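Peer 1: Sequence and predicted structure below; questions after.
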Amino acid sequence: MLASCGSGKPLRYLDSAATTLKPSTVIEAEREYATSYTANIHRGHHRLSEIASEKYETAREVMGRFVGTAPRNIIFTKNATESINMVANGFGFTRSDVVALPIGEHHSNILPWMRLCELAWIEHEVCAPVDGRTLEEVIATNRPRMFVFSSGSNVTGAVNDIRTLCAIAARHGISTCVDASQTASHEPIEFDQLGCDFLAFSGHKMFGPPGTGVLAGRPEALERLTPYVIGGGSVASVTRDGFVLRDVPYRFEAGTPNISGVIGLAAAAQFLSAMPIEERRAHLVTLSNQMSERGVRIPGARSLMSDQPDRLPLVSFAFSTPHITSDTVATSLSENHNIMVRSGSMCAHPLVHRAGADGGLLRVSAHLYNSLDDIDETCNAIEEFTTRFS
Ligand SMILES: Cc1ncc(COP(=O)(O)O)c(C=O)c1O
């Protein structure tokens with residue numbers, strides 16, 4: 001999937017929680033749009049525009065099936081961050097409204113709410129999922145209007161029980177928004193069964209192109225949402241005095257969208273759906289078990305990883321020696337071993353602070369294309385570094 005760049009060692013890509021590699025069908029779908037039927041969509045009656053519009057709307061049907069809902073509940077965005085911002089800015093919050101959220105969230109699922117509302121933080125152990133009882137307590141104390149949380153942690157791989165948590169929120173009449181960025185390519189979504197109002201994810205973390213994302217919503221929830229970007233493509237009519245919005249989902253897709261990206265995203269969904277889910281799960285569990293086993297044995301490194309059986313295949317390391325930083329380890333792995341891993345605070349400062357790892361973490365994240373050998377070689381390389389510099 002990715003060409004090696006000449007160090008002699010095989011290239012090992014272990015940064016899939018940041019972005020995944022892209023299968024050739026995705027690249028081909030984008031190339032075909034660029035070379036065979038480039039045109040704008042929904043606003044022309046020439047042949048190429050009609051082909052492009054049809055492919056774009058077919059992509060919405062494909063993504064509806066992938067997400068487990070009707071195509072009209074699917075809004076194309078540029079990434080999860082934009083999807084979450086659409087909800088935050090369109091929901092009609094006032095400054096005194098409260099949004100409840102776990103401490104483990106990614107900044108993209110903190111800042112949009114923080115700017116508009118009061119936050120009620122839900123505490124949890126660093127490597128643990130959100131506990132229903134703690135959620136109940138936070139609801140009782142803070143009376144939030146919305147509860148937002150991620151399906152899986154980009155730092156520890158812990159996965160949240162979406163149905164249970166959303167059922168608790170629903171019992172209290174609280175709206176829900178799920179950030180499914182880290183699990184969209186791991187587990188089928190089944191949106192209509194989850195009981196959440198909104199669900200957001202990025203295309204580039206699920207084998208699709210960058211600059212693509214999805215916001216799925218329950219029909220009533222989407223009807224109540226005000227589009228926070230409007231313009232061409234989002235209105236049915238405009239007079240000197242006002243405008244009439246188009247129906248959902250088009251009112252949320254103002255301006256020319258990422259047409260080739262959306263078509264590529266549908267190809268990614270088809271690529272994933274064509275693989276039997278039991279095979280996918282089995283491979284991901286094998287990888288995460290190996291990470292867990294090898295990770296705890298690296299001297300000078302503290303591993304942060306969920307112990308759930310269905311955790312995500314990712315582990316983060318904090319280094320106990322002050323002169324070893326996660327950045328220097330990542331650079332060494334890249335330059336000396338041709339291994340790509342992520343370093344830094346993972347856009348999750350509250351959790352990283354809670355973990356006592358303000359100096360930064362090194363994250364190893366695998367996906368379907370990785371092997372046990374990739375995990376072993378990466379752990380060997382980290383161990384070699386920590387042993388040499390301790
Ligand atoms: C859990 C989680 N939420 C949201 C995001 C934001 O995704 P994007 O940058 O594609 O909008 C990320 C990206 O790492 C993530 O891991």
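Peer 2: All right, it came through fine.
Peer 1: Hmm, Ser343 is touching Arg363, no?
Peer 2: Yes. With contacts defined as C-beta atoms under 8 Å, Ser343 counts as touching Arg363 at a distance of 7.3 Å. In this view, the C-beta of every residue, glycine as well, is placed from N, C-alpha and C.
Peer 1: Looking at those two, which one has more neighbours?
Peer 2: Remark: of Ser343 and Arg363, Arg363 carries more neighbours, 25 against 21, as counted by other C-beta atoms under 10 Å.
Peer 1: Secondary structure element holding the more buried one?
Peer 2: Following DSSP states H and E, the helix or strand that holds Arg363 is strand 361-365.
Peer 1: Helix or strand next in line after that strand, which one?
Peer 2: In N-to-C order, the element after strand 361-365 by DSSP H and E is helix 372-389.
Peer 1: Which neighbouring elements make contact with that following helix?
Peer 2: Using 3 or more C-beta pairs under 8 Å, 6 or more residues apart in numbering; DSSP states H and E as the contact criterion, the elements in contact with helix 372-389 are strand 12-13, helix 277-295, helix 326-337, strand 339-340, strand 361-365.
Peer 1: Serialize those to JSON lines and add fields for mean pLDDT and distance to the ligand.
Peer 2: Shown next, in JSON lines, are the helices and strands packed on helix 372-389 (pLDDT from 0 to 100; distance: least, C-beta to the nearest ligand atom, whole Å):
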{"stretch": "strand 12-13", "mean pLDDT": "98", "distance to the ligand": "16"}
{"stretch": "helix 277-295", "mean pLDDT": "97", "distance to the ligand": "16"}
{"stretch": "helix 326-337", "mean pLDDT": "97", "distance to the ligand": "16"}
{"stretch": "strand 339-340", "mean pLDDT": "98", "distance to the ligand": "15"}
{"stretch": "strand 361-365", "mean pLDDT": "98", "distance to the ligand": "10"}
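Peer 1: Most tightly packed of these?
Peer 2: Mean neighbour count (mean count of other C-beta atoms under 10 Å) peaks for strand 361-365 among these, with a mean of 27.
Peer 1: Give me the contact list for that one.
Peer 2: Contact with strand 361-365 is made by 14-18, 154-155, 291, 295, 301, 304, 312-319, 326, 329-330, 341-346, 352, 355, 375, 378-379, 382, as judged by C-beta atoms under 8 Å, 6 or more residues apart in numbering.
Peer 1: For PyMOL, write the selection for the buried entries among those.
Peer 2: Here is the PyMOL command that picks out the buried ones among the contacts of strand 361-365, judged by 16 or more other C-beta atoms under 10 Å:
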select buried, resi 14+15+16+17+18+154+155+291+295+301+304+312+313+314+315+316+317+318+319+326+329+330+341+342+343+345+346+352+355+375+378+379+382
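Peer 1: Name the next helix or strand following the lengthiest helix in the chain along the chain.
Peer 2: For the chain, the longest helix by residue count, based on DSSP state H, is helix 47-67. Scanning forward in sequence from helix 47-67, with DSSP H and E defining helices and strands, the next element found is strand 74-77.
Peer 1: Send me that next one as PDB with only the CA atoms.
Peer 2: What follows is strand 74-77 as a C-alpha-only set of coordinates in PDB (Å, rounded to 0.1, in the frame of the first residue of the first chain):
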ATOM      1  CA  ILE A  74     -25.800  11.000   6.200                       C
ATOM      2  CA  ILE A  75     -24.100  14.400   5.900                       C
ATOM      3  CA  PHE A  76     -20.700  14.600   4.200                       C
ATOM      4  CA  THR A  77     -18.200  16.900   6.000                       C
END
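Peer 1: near the ligand, anything from it?
Peer 2: No. Applying C-beta under 6 Å from any ligand atom, one finds strand 74-77 out of contact with the ligand, separated by at least 8.8 Å.
Peer 1: And that strand, how far out from the chain middle?
Peer 2: 14 Å (C-alpha atoms, centre = their mean, to the nearest Å).
Peer 1: Run through the neighbouring helices and strands of the next helix-or-strand element following it.
Peer 2: Once strand 74-77 ends, the next helix or strand along the chain (criterion: DSSP H and E) is helix 80-90. Counting by 3+ C-beta pairs under 8 Å, 6+ apart, the packing neighbours recorded for helix 80-90 are strand 74-77, helix 111-114, strand 175-179, strand 198-202, strand 213-217.
Peer 1: and the angle from helix 80-90 to strand 213-217?
Peer 2: Here helix 80-90 runs at an angle of 40 degrees relative to strand 213-217 (axes from the mean of the first three to the mean of the last three C-alpha atoms, to 10 degrees).
Peer 1: and the helix or strand that comes right after helix 80-90, which strands flank it?
Peer 2: Tracing the chain past helix 80-90, the next element assigned as helix or strand by DSSP H and E is strand 98-102. Sheet pairing of strand 98-102 (DSSP bridges) gives strand 118-122 (parallel), strand 146-150 (parallel).
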